[in-house]
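Undergrad: below are the sequence and a predicted model; questions follow.
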Amino acid sequence: MLKLPENFQDYSEARQQGFIKLKELKERGKKVVGIFCTYTPTEMVLAAGAVPVGLCGMSDEPIPAAEKFLPKNLCPLIKSSYGFAVSDTCPYFYFSDMILAETTCDGKKKMYEMMNELKYTHVMQLPPGRSGSTALHSWYDEMLRLKEVLEQQLETVITEDDLRNAIRLKNRERKATLDFFEIGRLKPSPVSGYEISTIMDSNSFIFDTEEKIAILEERTAQLKKDYQENFAGKPSRPRILITGCPSGGVRDKIIRQIEELGADMVAFENCSGPRAQKDLVAEDKDPYLALAEKYLRINCSVMSPNPERIEALGEMLDEYSVDGVIEIILQACHTFAIESYRVRKFVTEEKGLPYMALETDYSQTDTGQINTRISAFLEIID
């Protein structure tokens with residue numbers, strides 16, 4: 001297994017340090033907006049002079065608290081997110097002046113109604129598909145509505161210059177993020193998928209965008225140098241692509257295990273990967289329209305129809321020289337569970353690659369079963 005860098009910061013440590021930094025920002029009068037999803041236009045939060053922070057939702061610890069109010073047979077990500085909020089065990093939720101959410105699934109949007117009773121929660125009404133001009137017009141209106149809400153809730157004014165500056169800054173961050181993810185294209189990969197996943201999640205607890213960019217650029221340069229000196233020309237282990245649901249909450253029991261069992265996790269075709277970063281916000285047009293266009297292009301399974309996800313998956317399978325695909329389906333995530341049929345058919349029939357779906361939650365009860373299935377899957381690839 002690849003060694004982690006000496007200064008590697010794990011998710012828990014980064015989250016703890018983030019608590020302290022955010023407290024200091026609040027004490028200096030900075031406003032904070034809690035967010036959950038890649039559909040959230042963080043440029044608008046930055047333009048409002050506030051800090052966007054990803055809220056807790058990748059642990060099974062608060063799920064018992066959530067199940068006092070929510071059904072047990074609900075997505076663990078939703079239960080974890082609400083559990084942290086209702087039990088008041090997520091400092092990021094505590095420090096947030098408001099929550100910015102979106103209707104990416106039925107479970108989330110109903111949970112947000114309950115979260116609004118705990119703290120003001122603005123829900124953006126995401127169109128169910130991209131077809132025709134109606135969807136874009138609706139999403140554009142949501143951008144304008146969000147501007148009014150942010151200005152009212154945060155007692156500020158969003159100027160067009162501030163928004164354009166935020167767009168340029170976030171585009172630079174997207175470019176640095178993509179360059180980091182694309183290190184996985186090298187064969188053999190000089191970076192573990194576990195490190196990729198952890199660094200990206202840990203970076204969400206850094207509130208200075210310039211600092212995020214610098215960290216990503218420095219690590220990317222180190223890995224390119226390391227590849228030339230220590231990896232180029234050497235044999236490659238089986239190369240695995242992860243697709244499906246966000247994988248942060250199952251990082252240890254799936255991603256770590258894939259690599260400890262002898263494969264390289266080289267690509268993420270999910271919300272934990274480059275899906276939301278792969279194209280930039282246009283900088284030469286109405287910024288609200290540009291944001292609407294960019295965020296509507298994200299290929300999540302909530303979109304119907306969603307052929308763009310299959311197209312993007314095909315490109316990644318080729319560009320990352322993938323040997324096998326593992327799809328993560330979180331319990332009760334119906335859109336990804338249903339779409340997995342098309343993914344499996346595409347991967348096995350059109351691309352001729354091994355495919356396996358793992359349906360799981362945030363508990364550790366199925367760890368042994370998952371290890372057995374991953375081992376058998378890697379034997380098929382070998």
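TA: Structure received. Numbering: from 1, shown residues only.
Undergrad: what's the nearest residue to I99 if we skip its chain neighbours?
TA: T121 (4.1 Å; Cβ to Cβ, 6 or more residues apart in numbering). The way it works is simple: take the backbone N, C-alpha and C, and place the C-beta from them, glycine included.
Undergrad: likewise for Y140?
TA: Taking Cβ to Cβ, 6+ apart as the measure, Y140 lies nearest to A292, with 4.1 Å between them; neighbours along the chain are not counted.
Undergrad: measure that neighbour to W139 for me?
TA: When distance is defined by Cβ to Cβ, to the nearest Å, A292 is 4 Å away from W139.
Undergrad: who's in contact with stretch 287-298?
TA: Residues outside stretch 287-298 that contact it (Cβ atoms under 8 Å, 6 or more residues apart in numbering): 38-39, 41, 43-44, 127, 130, 135-136, 139-140, 142-144, 147, 160, 163-164, 167, 275-276, 279-283, 308.
Undergrad: please repeat the previous calculation with a cut-off of 6 Å.
TA: Stretch 287-298 is contacted from outside by 38-39, 41, 130, 136, 139-140, 143-144, 163-164, 167, 276, 281-282, using Cβ atoms under 6 Å, 6 or more residues apart in numbering.
Undergrad: rounded mean pLDDT for stretch 268-287, please.
TA: Stretch 268-287 shows a mean pLDDT of 94.
Undergrad: apologies, that question was intended for stretch 16-33.
TA: Average pLDDT, stretch 16-33: 93.
Undergrad: can you get me a residue count around G18?
TA: Burial measure for G18: 19 neighbouring residues, criterion other Cβ atoms under 10 Å.
Undergrad: so who does I310 touch?
TA: I310 sits next to F346 when contact means Cβ under 6 Å, 6+ apart.
Undergrad: tell me the pLDDT at it?
TA: In this prediction, I310 has a pLDDT value of 98.
Undergrad: now swap in P5 and tell me
TA: We have a pLDDT of 56 for P5.
Undergrad: ok, now R237?
TA: In this prediction, R237 carries a pLDDT score of 96.
Undergrad: contacting residues around the nearest residue to it once chain neighbours are set aside?
TA: With sequence-adjacent residues excluded and distances taken as Cβ to Cβ, 6+ apart, R237 is closest to D264, at 4.9 Å. By Cβ under 6 Å, 6+ apart, D264 lies in contact with S189, R237, R239.
Undergrad: centroid-wise, who is the farthest residue in this protein?
TA: G233 (32.1 Å; Cα atoms, centre = their mean).
Undergrad: looking at this, that residue is in a helix?
TA: No: judged by DSSP: H, G, I helix; E, B strand; the rest coil, G233 forms no part of a helix; its state is coil.
Undergrad: tell me what the one helix or strand in the chain whose mean pLDDT sits lowest is packed against?
TA: Of the helices and strands making up the chain, the lowest-confidence element is helix 11-27, at a mean of 86, by mean pLDDT, DSSP states H and E. Contact analysis of helix 11-27 by 3 or more Cβ pairs under 6 Å, 6 or more residues apart in numbering; DSSP states H and E lists helix 91-95, helix 193-203 as its packing neighbours.
Undergrad: tell me which of these sits most buried.
TA: Per-residue neighbour counts averaged over each of the helices and strands packed on helix 11-27 give the maximum for helix 193-203, namely a mean of 22 (mean count of other Cβ atoms under 10 Å).
Undergrad: how about the helix or strand following it: buried residues?
TA: Downstream of helix 193-203, the first helix or strand assigned by DSSP states H and E is helix 209-226. If you call a residue buried by 16 or more other Cβ atoms under 10 Å, then helix 209-226 has these buried ones: T209, K212, I213, I215, L216, R219, T220, L223, D226.
Undergrad: next one: helix 209-226 to chain centre, how far?
TA: On the basis of Cα atoms, centre = their mean, to the nearest Å, helix 209-226 sits 19 Å off its chain's mean C-alpha point.
Undergrad: touching it from outside, list them.
TA: Taking contacts as Cβ under 6 Å, 6+ apart, the residues outside helix 209-226 that touch it are L169, R172, E173, A176, D179, F180, I183, P190, V191, N203, I206.
Undergrad: mind redoing it with 8 Å?
TA: Outside helix 209-226, the residues that touch it by Cβ under 8 Å, 6+ apart are 5, 46, 169-170, 172-173, 176-177, 179-180, 183, 190-191, 199, 203, 206.
Undergrad: is it possible to mark the buried ones in those?
TA: Judged by neighbour count, with 16+ other Cβ under 10 Å as the criterion, the buried members of the contacts of helix 209-226 are 46, 169-170, 172-173, 176-177, 179-180, 183, 190-191, 199, 203, 206.
Undergrad: among those, name the ones in helices.
TA: Among those, the members falling in helices are L46, L169, K170, R172, E173, A176, T177, D179, F180, I199, N203 (criterion: DSSP state H).
Undergrad: columns distance to L70 on top of the residues you listed, output as CSV?
TA: Listed next are these as CSV, based on distance: Cβ to Cβ, whole Å:
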residue, distance to L70
L46, 32
L169, 37
K170, 33
R172, 39
E173, 34
A176, 37
T177, 32
D179, 39
F180, 35
I199, 31
N203, 29
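Undergrad: quick one: those as CSV, columns for pLDDT and distance to A312 too.
TA: Below are these laid out as CSV (pLDDT from 0 to 100; distance: Cβ to Cβ, whole Å):
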residue, pLDDT, distance to A312
L46, 98, 26
L169, 98, 25
K170, 98, 20
R172, 98, 22
E173, 97, 20
A176, 97, 20
T177, 97, 16
D179, 97, 18
F180, 97, 18
I199, 93, 22
N203, 90, 22
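Undergrad: just give me the closest of the residues you listed to A14.
TA: Compare each of those with A14 using Cβ to Cβ and the shortest gap goes to N203, at 7.8 Å.
Undergrad: excluding covalently adjacent residues, which one is nearest to that closest one?
TA: K212 (5.1 Å).
Undergrad: distance check, the one you found against A176.
TA: As judged by Cβ to Cβ, K212 and A176 stand 8 Å apart.
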